[in-house]
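Asks: Mind looking at a prediction? Sequence and model below.
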Amino acid sequence: MDIQIILIVILAILTINLIAVGVYVILVLRDFRETVKKANEVLDNVHQVTDIVANPITTIAGIIAGVTKGVRAVRAISSLVEKDEEE
């Protein structure tokens, strides 16, 4: 009889421990989910900021490329005009 009582007490203690560990794991997983949501929001904000910064830079690069092509066109036209004047 003494062994049965000891086994029942040990089984009860193990059951209580397993329930406590299960609850703790659930709480940790909830915190992890909230952390992942916050990290996702931060990444979305970073994406928006990089888009805000990248768009003007892209526009400026396009303007510079257009000016460069315009200067090349003017040089080509002026070289053609100079050749016609020499002849």
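Replies: Okay, I see it.

Asks: and residue 65, how many neighbours does it have?
Replies: 10 (other Cβ atoms under 10 Å). All C-beta atoms are positioned from the backbone trio N, CA, C, and that covers glycine.

Asks: can you pull the pLDDT of it?
Replies: On pLDDT, residue 65 comes in at 89.

Asks: For it, give its distance to residue 71.
Replies: Per Cβ to Cβ, to the nearest Å, residue 65 is found 11 Å from residue 71.

Asks: What of residue 28?
Replies: Distance, residue 28 to residue 71, using Cβ to Cβ: 63 Å.

Asks: cool, and residue 24?
Replies: 70 Å.

Asks: Just the helices from this protein, written as ranges.
Replies: With DSSP state H as the criterion, the chain has helices at 2-86.

Asks: Poorly predicted segments of it, please.
Replies: Applying pLDDT under 70 to the chain picks out residues 83-87.

Asks: Residue 7: how many residues sit nearby?
Replies: Using other Cβ under 10 Å, residue 7 has 10 other residues around it.

Asks: Quickly note the distance from the residue nearest the centre of the chain to residue 64.
Replies: Central residue of the chain (Cα atoms, centre = their mean): residue 43, 3.8 Å from the mean position. According to Cβ to Cβ, residue 43 stands 31 Å off from residue 64.

Asks: again with residue 28
Replies: Distance of residue 28 to residue 64, given as Cβ to Cβ: 53 Å.
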